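**Q** Sequence first, then the predicted structure:
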There are 2 protein chains.
Amino acid sequence: MKSLFGSPGKISGLLLRTCQCLFAASSLSVMASASGFSTSTSFCFLIAAMGLQVLWSFGLACLDIHALRLKKDLHNHIFLSLLVVGDWVTAILSLAAACSSAGVMVVFIKDTNICRSQAALSCNTFQISIALAFMAWFLLAVSSYVMFWLLATI
Amino acid sequence: MKSLFGSPGKISGLLLRTCQCLFAASSLSVMASASGFSTSTSFCFLIAAMGLQVLWSFGLACLDIHALRLKKDLHNHIFLSLLVVGDWVTAILSLAAACSSAGVMVVFIKDTNICRSQAALSCNTFQISIALAFMAWFLLAVSSYVMFWLLATI
């Protein structure tokens, strides 16, 4: 049985899940605190996707703590299959939300200059939230690859 | 050595690459033929990403034909590693382009009603192109998973 960086039930896995959860929660809270985020459906989708990622990563971080405390082994086929499906669905949703929001930001800043004309929109805050969402997605993508590799080599 | 659906150098692999190439080429040509696509940076990004996918899938389809004719085996570690990296980079770019364009479409149709007020924009054509891009991405994602699985189990 292989043990890679980020495997479930290891310190590195717990670290990875905690970082995913923190970045997703930061992205969510920054976006929710920005004025005018409800003007665009994509920003609302980003909040929903980051909310899902927070729940998923927090749940798995708790499971890692439980496994570390009781020294349980989480490398079984059914559990890894569940993790692979969950990780990939969440990662694709996070990337989709981050990219659609980035597309909207490009329209706001470059294509239409809405950001300059409408001072009520907190464009800088939107951009920070989108950058945090991309980082959260990247960390989740690392987990997804590790899980898929573990499942294939188990 | 495993032989999955869509493995390189097999009929199923050739079929998958041809479908990817066809969908990406259709998405590219539909978007390029739509009037007003250059108003949005995301639509130009979609054209670039679909162009890359056409080149990548066409090249690999040619390689599959070559391998099928000469009955060559393409299941070696270095070649599969190259395919995994290339497939994943192309798939992530395609998904990013499709999602950012979809985000812009939602702004055009739902958030601002630009599509109704500006008849010069071919909004229906944009939507067809984006749907084709999602299908092209889905087929490329299937290839990516197959390549990753083959690399992990080789």
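**A** Thanks, I have it.

**Q** Show me what from chain A comes close to chain B.
**A** Residues of chain A found near chain B (CB under 8 Å from any CB of the partner chain) are A:39-42, A:92, A:95-97, A:99-104, A:106-107, A:110-111, A:145, A:148-149, A:152-153. For glycine as for every other residue, the C-beta is placed from the backbone atoms N, C-alpha and C.

**Q** From the residues you listed, keep the buried residues only.
**A** A:39-42, A:92, A:95-97, A:99-104, A:106-107, A:111, A:145, A:148-149, A:152 (16 or more other CB atoms under 10 Å in any protein chain shown).

**Q** the helices in chain A, which residues?
**A** A:11-33, A:41-70, A:77-106, A:114-117, A:123-153 (DSSP state H).

**Q** Going by mean pLDDT, which of those helices comes out lowest?
**A** Comparing the helices of chain A by mean pLDDT, the weakest confidence falls on helix A:114-117, with a mean of 86.

**Q** Pull the residues that contact it.
**A** Residues outside helix A:114-117 that contact it (CB atoms under 8 Å, 6 or more residues apart in numbering or on different chains) are A:107, A:108, A:109, A:121, A:123.

**Q** By neighbours, which of the residues you listed wins?
**A** residue A:107 (26 neighbours; other CB atoms under 10 Å in any protein chain shown).

**Q** That residue contacts residue B:40, doesn't it?
**A** Yes - counting by CB atoms under 8 Å, residue B:40 is a contact partner of residue A:107 at 6.2 Å.

**Q** So for the two, which residues contact both of them?
**A** In contact with both residue A:107 and residue B:40: residue B:104, using CB under 8 Å, 6+ apart.

**Q** Where is pLDDT lowest across the contacts of helix A:114-117?
**A** Ranked by pLDDT, those bottom out at residue A:121, which has 85.

**Q** Look up the closest residue to that residue, ignoring the ones flanking it.
**A** The shortest distance from residue A:121 to any residue other than its chain neighbours is 4.3 Å, reached at residue A:36 (CB to CB, 6 or more residues apart in numbering or on different chains).

**Q** Show the model's pLDDT score for the one you found.
**A** On pLDDT, residue A:36 comes in at 85.

**Q** Check the burial of it by counting its neighbours.
**A** So residue A:36, with other CB under 10 Å, has 14 neighbours.
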